[in-house]
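Colleague: Build me a model from this:
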Amino acid sequence: MAVINTPKCGTGSMQSSIQRSLKCNNAVPFMTETAVYMGCHHGGHLIRTHSGIEGIQAIQALRPQDDPDRRQKCVILTAVRNPTSWVPSNFMQMSSTLCDPEEPISYKEFEEEYHNFIMGHTRFIQEQMTSTRTHLTRHFGITMADVIESMNINGGYSLHSNPYPIGALNNCELLFLRMEDGPKWKDIFSTLYPGIKYRPNRPRTDACPKIAKYYKAIERRGFTAEEMESMIQGNSDVAAYFQMYNLL
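Modeller: Numbering: from 1, shown residues only. Here you go, the predicted structure:
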């Protein structure tokens, strides 16, 4: 299995759930600095990365050389998340001192820090938003509109088989999960992949109780027109991501 996922979209909980369920070893670097590998019980493999390109290369490298037709099956897991909660999560990840501030902080100061983060990290936000989905959808011949339509029908997930008889990911299937449907993930995993017992990680509001109400407030706040313009800056993939959640 491979977790090729956008940062702050449940990557850690996916990896730990699979690693625990399939009795995989501790993660070690694999091929690049950003991909890690875990060998699992009965000869299985688990890859985790935030790069679509590197994840696909890792899958290719792990497939047996004596299996030219790629008969060995692979499963790729990834997720989408509303930018109004995804951007705040990245903000808190990069602003760790705000989780447990030494001095009391007002919401106005907190919101200003958030605004400055967005305006000052445009390239980072764009790269993180497009690091996986663009590559995976292209290799599976689908669009994000296809994914969202399927998610709405299935109640939070979209499962796709690779349509190409040859190629890097033939005989792979791609599971898209929606973070907003996180409470359903346990049942989704147990239905699609019996034996995988999903367990979510600790939420950010529990980890940062001193600013939990501020964190929830910036999620509800959404984005200003200035912030939206800064994050998009003509990037059609990023614009499509916002449109996917009816933010444009």
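Colleague: burial of residue 113, as a residue count?
Modeller: The burial count assigned to residue 113 is 16, neighbours taken as other Cβ atoms under 10 Å. Just so you know, the C-beta spots here come from the backbone N, C-alpha and C atoms, and that holds for glycine as well.
Colleague: name the element it belongs to?
Modeller: helix 107-120 (DSSP states H and E).
Colleague: Distance-wise, check the residue in the chain sticking out farthest from the centre relative to residue 211.
Modeller: Most distant residue from the mean C-alpha position of the chain: residue 103, 33.0 Å away (Cα atoms, centre = their mean). Distance, residue 103 to residue 211, using Cβ to Cβ, to the nearest Å: 12 Å.
Colleague: now residue 230
Modeller: 23 Å.
Colleague: what are the ranges of the helices in the protein?
Modeller: Using DSSP state H, the helices of the chain run over 11-21, 52-62, 83-94, 107-120, 122-130, 133-140, 144-154, 185-192, 204-207, 212-221, 225-232, 236-244.
Colleague: Remind me what the second one packs against, helices and strands.
Modeller: Helices and strands in packing contact with helix 52-62 are listed as strand 2-4, strand 32-39, strand 45-49, strand 74-80, helix 133-140; criterion 3 or more Cβ pairs under 8 Å, 6 or more residues apart in numbering; DSSP states H and E.
Colleague: Identify all contacting residues around that helix.
Modeller: 2, 4, 30-32, 34-35, 37, 45, 47, 49, 74, 76, 131-136, 139, 168-169, 172 (Cβ atoms under 8 Å, 6 or more residues apart in numbering).
Colleague: Among the residues you listed, name the buried ones.
Modeller: 2, 4, 30, 35, 37, 45, 47, 49, 74, 76, 131-136, 139, 169, 172 (16 or more other Cβ atoms under 10 Å).
Colleague: coming back round to it: against which helices or strands is the helix holding residue 113 packed?
Modeller: Going by 3+ Cβ pairs under 8 Å, 6+ apart, helix 107-120 lies up against helix 83-94, helix 212-221, helix 225-232.
Colleague: Averaged pLDDT, it. What do you get?
Modeller: Throughout helix 107-120, pLDDT has a mean value of 95.
Colleague: Can you show me the CA trace of it as CSV?
Modeller: Taking C-alpha atoms only, helix 107-120 is exported to CSV below (Å, rounded to 0.1, in the frame of the first residue of the first chain):
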residue,chain,number,x,y,z
TYR,A,107,-7.6,36.8,18.9
LYS,A,108,-6.6,40.0,16.9
GLU,A,109,-3.0,39.1,17.3
PHE,A,110,-3.6,35.5,16.4
GLU,A,111,-5.6,36.4,13.3
GLU,A,112,-2.9,38.9,12.2
GLU,A,113,-0.3,36.1,12.5
TYR,A,114,-2.5,33.9,10.4
HIS,A,115,-3.0,36.6,7.7
ASN,A,116,0.8,37.2,7.6
PHE,A,117,1.4,33.4,7.2
ILE,A,118,-0.9,33.3,4.2
MET,A,119,0.5,36.4,2.5
GLY,A,120,4.1,35.3,3.2
